[in-house]
Structures are given as C-alpha cells and as structure tokens.
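**Student:** predicted model follows, preceded by the sequence.
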Amino acid sequence: LALSFSASWAASAKLVKLWPVAFTWSSYEYVMQKPEFVSSLLVSVKRVAIGVPLNMLMIILAAYPLSKEKSELRARNIYACFFIITMLFSGGLIPTYMLIRSLRMIDTIWALVLPGAVSVYNMLLLMNFLRQLPKEIEESAFLDGAGHLTNLWHIQLPLSLPALATVVMFCTVGHWNAWFDGLIYMNRPEHYPLQSYLQTVVTTIDQRMTNMTTRDIELLKVISNRTTKAAQIFLAALPILAVYPFLQKYFMTGLVLGSVKG
C-alpha cells in the first residue's frame, strides 16, 4: 500500500518502508486509465455476479436433502460419498479443458463459473449447519401442512443466516481471487478476469509504450513499474476488504457451527 502511493525514485531506491515517500496518486491515475485493467475488472465483477448466486443455488439444493436423516433419504450416504470423492479426485486439467472446449465455452464467462458451480466444502459446511437446527421447528411446519420447499425457504434458510453469510463470503473470495482458470480458458487478454490480468502484470514487464499520450508520458516520470503493480494489486484486494467487515459478525458463528457434525 505504501509503495503504491510513493514516487518512482523512492521505490527504485527501496526507501519505502511503512509509510509512502513523496506521496502521489499518479500510480492509481495511470492504472485507472489502462483499458486492460478496466475490462478485466468488469469481467471479475460479472463473474462474481453470476457465479456466487449460482454457487448458492447449487449448494443449498444439495445441502438441504443431505442434512436429513437416513430414514428420510435412504441413499444419503451414497450421495455424500459421491460429493466427497470429487474433493479428492478431479477429472484432470487436460480432460477438463477438452470438455470446456467441446461445449464451446472457451472465451466465455461460463468457462469461469460452471466448472466450480458446486463447491463441496461449502456444501458440507451448510449441510452440517442445517443438521444443528432444532428438528421440532421443522416437524411443526410439516404438521401445519408445509412442504419441503416452504420449510427450506421460510424456516431453514432464515435460521441459517450465519452459515449462508460464511458461504457467500467464501464463494465471493474464491471467484474474485481465481486466476488460473482465466489463463487457461481465455484466449484473448480482454477476457481475462482481474486476477489473471494481474498475474500477467506481476510476472511480465509492461511494454505498452505505443500510442502514449502526453499525460501518460508525464505520469511515467513520477511512477514506475513497481508502484503501478502495487496500485493494481491493492485495487484488486479493495472490494474484499470492503465487504468483509459487514459479514464478519456472521463469519465465526457460521464457520464454527457448520464445521461441527451433530
């Protein structure tokens, strides 16, 4: 953070420690003008907006029936083992890529959200939380004529807000921080999510020296490659840092209760 607000000469001389040296906004001004950064930011926002609701839908639909007793769902253990196996063994990188390509999802947002639509870890977290809820409430609802959908929507989910907030946080961070799938499934850089773009920025030198305006040349006098990288990394982490305090009160409760098997 201090590096991103420092002048290029201070960063080059490694004078920046805890506080910025020769405070300047130039790195952020330069970053926000880069079309690659803006386009990748929009891709990540789109990914979170589509991926998190899809994750929550699939997780809830899987966790609710698996939270029931064996007398209500006889094949519960079989279905649970099916999900757990996918945590231990994957289909492999090459077969997964060939499947995504055969489905014509390369260079589309669906290649980023559909392969991970069901998060087994988060599903187990919510499933264990649902098992902790009092059975008497559910039984009373069934006696009043409620079905499973009514019970889930009006009783189970409102009582599961701590677990739901925790799962939403995990899914959001997972989508926002994912970078490897973007490099694999996106052929064109303008389709990269933000973290994939930042990975290329951090590991390569920015050589975009053509079509530079007078303002760009002036900015390059006070910024450096190190300060612009630091600014981009901080901007990428800022949304998660902004959201986390609002969900923190649910986070520990949902994580602890959902991790304990009743």
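**Tutor:** Arrived safely. Numbering: from 1, shown residues only.

**Student:** now do the contacts for Lys70.
**Tutor:** For Lys70, the contact set (C-beta atoms under 8 Å, 6 or more residues apart in numbering) comprises Arg76, Asn77. No exception for glycine: its C-beta is placed from N, CA and C like everyone else's.

**Student:** ranges for the helices of the stretch 101-250 of the chain?
**Tutor:** Remark: helices assigned in the stretch 101-250 of the chain by DSSP state H, counting those that start in this stretch are 110-113, 120-132, 135-143, 148-151, 157-159, 161-177, 180-185, 194-203, 214-220, 225-259.

**Student:** pull the helix or strand with minimum mean pLDDT from this protein.
**Tutor:** Lowest on mean pLDDT, DSSP states H and E among the helices and strands of the chain sits helix 214-220, with a mean of 58.

**Student:** center of the protein, which residue is that?
**Tutor:** His175 (2.3 Å; C-alpha atoms, centre = their mean).

**Student:** right, and that one touches Leu54 too?
**Tutor:** No - contact criterion C-beta atoms under 8 Å: His175 and Leu54 do not qualify, at 10.0 Å.

**Student:** overlap of the contact sets of those two?
**Tutor:** Shared contacts of His175 and Leu54, defined by C-beta under 8 Å, 6+ apart, comprise Val113.

**Student:** look up how far Pro53 lies from the residue nearest to the centre of the chain.
**Tutor:** Distance, His175 to Pro53, by C-beta to C-beta, to the nearest Å: 11 Å.

**Student:** quick revisit: to Ser90, which of the helices of the stretch 101-250 of the chain lies closest?
**Tutor:** helix 120-132 (11.3 Å; C-beta to C-beta).

**Student:** from the contact counts, what lies against that closest one?
**Tutor:** When contacts are defined as 3 or more C-beta pairs under 8 Å, 6 or more residues apart in numbering; DSSP states H and E, helix 120-132 sits against helix 35-66, helix 76-88, helix 161-177, helix 225-259.

**Student:** can you list the buried residues in it?
**Tutor:** For helix 120-132, the neighbour count (16 or more other C-beta atoms under 10 Å) marks Val120, Asn122, Met123, Leu124, Leu125, Leu126, Met127, Asn128, Phe129, Leu130, Arg131 as buried.
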